[in-house]
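S.K.: have a look; sequence and predicted model below, questions after that.
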Amino acid sequence: MIQEIIAHRGYTGKYPENTRLAFEKAAELPIWGIELDVHLSKDQEVVIIHDEAIDRTSNGSGLVKDMTLEELRSYQFYGAFPELENQADDGLTIMTLDEFLAWMQPLSIKVNIELKTNIFAYEGIVQKVIDLIKHYDLADRVLISSFNHRSIRECMTLAGDLPLEYGFLTGASLLEPGDYCKAKGVGHYHPFYGSLVPADIINCHQHGIQINAYTINDKAAMKAMIDLGLDRLITNFPEDALEMLR
């Protein structure tokens, strides 16, 4: 029972998600690391954004896969903080995974990279992510997760003996999740926290599988998950979670 904190898309509770600003603020805290999401742009750049489209999180519109990086960078990704629009802050332009890993390298934090391949397959994205991790020599500080479990299997095959860790994301209850993860050689289970029952945690821990549940933002829910023996809390409010751990 490790009991650590993962900042969901950075410090999303107070800053625009998946932006440099949110990442920098999260990295100021004593947390395990940061969770982020990756897609491929039209010109095959690995970019950090949660949705397949930019409509919800920026002042633009359209699918990530239909835009070049230059086009994506013409928008501001202020998300749930429209008051930041037109602020002279390049921490709100879209980041590439390359830029994130270069920024992260000298720090001590880890990163959970979610492959967003459950709607668009993004041919070649897995190899590109692996190549970037190799380039920055960060394999021992990276956890790869996805709702598309085939993408995790592909990553495991392509990564070979790189010391990456892997997590299966699920949105609903999975029977014997520890058995499933163990059988596939995956060391982490990432469920929606509301789907967890005590038997899941027992089953996972019996097989040495760590449970990192999302997205736990309410203090009462944080306490309940800590009491259940969750390994890591994925949250938009890392400061609140740290307070509950203390």
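M.R.: Everything's here; your move.

S.K.: what is the neighbour count of Glu176?
M.R.: When counting by other Cβ atoms under 10 Å, one arrives at 15 neighbours for Glu176. The C-beta positions use only the backbone N, C-alpha and C, and glycine is treated the same way.

S.K.: check Leu162 too.
M.R.: Taking other Cβ under 10 Å as the criterion, the count of residues near Leu162 is 15.

S.K.: let me see the contact set for the residue nearest in space to the middle of the chain.
M.R.: Geometric centre of the chain, nearest residue: Glu35, 2.8 Å, by Cα atoms, centre = their mean. Under the criterion of Cβ atoms under 8 Å, 6 or more residues apart in numbering, the contact list for Glu35 reads 6-9, 111-112, 114, 214, 234.

S.K.: hmm, try it at 10 Å
M.R.: Contacts were defined as Cβ atoms under 10 Å, 6 or more residues apart in numbering; by that measure Glu35 touches 6-10, 12, 18, 26, 110-114, 143, 145, 190, 212, 214-215, 232, 234-235.

S.K.: cool, and Ala183?
M.R.: Ala183 makes contact with 176, 207, according to Cβ under 10 Å, 6+ apart.

S.K.: surely Ser41 and Val64 touch.
M.R.: Yes - taking Cβ atoms under 10 Å as the contact criterion, Ser41 and Val64 are neighbours in contact, 6.0 Å apart.

S.K.: tell me, what's touching those two both at once?
M.R.: Taking Cβ under 10 Å, 6+ apart as the criterion, Ser41 and Val64 both touch 47, 49, 71-72, 94, 122.

S.K.: quick check: of the residues you listed, which lies closest to Gln105?
M.R.: Using Cβ to Cβ, the shortest approach to Gln105 within the shared contacts of Ser41 and Val64 belongs to Val47, at 18.7 Å.

S.K.: just the strands in this protein please.
M.R.: 4-8, 33-40, 46-48, 95-96, 110-115, 142-146, 165-170, 188-191, 210-213, 232-235 (DSSP state E).

S.K.: so which pair among the shared contacts of Ser41 and Val64 is furthest apart in space?
M.R.: Using Cβ to Cβ, the two most remote members of the shared contacts of Ser41 and Val64 are Glu71 and Tyr122, lying 17.2 Å apart.

S.K.: if we can go back for a sec, narrow the contacts of Glu35 to those that are buried.
M.R.: Neighbour-count burial (16 or more other Cβ atoms under 10 Å) is assigned, among the contacts of Glu35, to 6-10, 12, 18, 26, 110-114, 143, 145, 190, 212, 214-215, 232, 234-235.

S.K.: out of Glu71 and Tyr122, which sits in the busier spot?
M.R.: Set Glu71 next to Tyr122 and count neighbours by other Cβ under 10 Å: Tyr122 wins out with 23 against 17.
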